[in-house]
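Peer 1: Sharing a model prediction with you, sequence too.
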Amino acid sequence: MRLDEEGRMWVHPLGAGASAHEYIHERRGFAGDCVRATLQHFVDGLLAGTAFETDGRCYLQTLAVQEAIYQSAASGVPVVVAEVPER
């Protein structure tokens, strides 16, 4: 995946060409509004006692993908990401 400087998202599978991934991109509060919205979501969830949109397991999976990206960039080969086991 690639996000360009205009906020466009691209998907580029190994061995295939890149294609645009369409999504709604709001250009308000650039580079900060997403953080504000995320924090507001967590505060609202804590105050209401409701579940968050993403949980700790999902976050750990995201970190595993990020680490695999760094490993792949350093080694020059694709890195397979194992699914985070459930507790």
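Peer 2: On my side now, so go ahead.

Peer 1: So the residue minimising distance to the centre of the chain: helix, strand or coil?
Peer 2: The centroid of the chain falls nearest to residue 62 when counting by Cα atoms, centre = their mean (6.5 Å). Counting by DSSP: H, G, I helix; E, B strand; the rest coil, the backbone at residue 62 sits in helix.

Peer 1: what's near enough to touch it?
Peer 2: Residues near residue 62 by Cβ atoms under 8 Å, 6 or more residues apart in numbering: none. All C-beta spots, glycine's among them, are computed from the backbone N, C-alpha and C.

Peer 1: Next: residue 23.
Peer 2: residue 9 are the contacts of residue 23 under Cβ under 8 Å, 6+ apart.

Peer 1: From residue 57, how far off is it?
Peer 2: Computed as Cβ to Cβ, to the nearest Å, the residue 23 to residue 57 distance reads 24 Å.

Peer 1: on that earlier part again, quick one: the residue nearest to the centre of the chain from residue 47, how far?
Peer 2: Here residue 62 is placed at a distance of 25 Å from residue 47 (Cβ to Cβ).

Peer 1: Strands of the protein, residue ranges please.
Peer 2: For the chain, applying DSSP state E gives strands covering 2-3, 9-11, 19-21.

Peer 1: Single out the most deeply packed of those strands.
Peer 2: Of the strands of the chain, the one with the most neighbours on average (mean count of other Cβ atoms under 10 Å) is strand 9-11, at a mean of 13.

Peer 1: Count the neighbours of residue 51 for me.
Peer 2: A total of 8 residues lie near residue 51 under the criterion other Cβ atoms under 10 Å.

Peer 1: do the same with residue 39
Peer 2: Neighbour count for residue 39, taken as other Cβ under 10 Å: 10.

Peer 1: With residue 4 instead?
Peer 2: Neighbourhood size, residue 4 [other Cβ under 10 Å]: 9.
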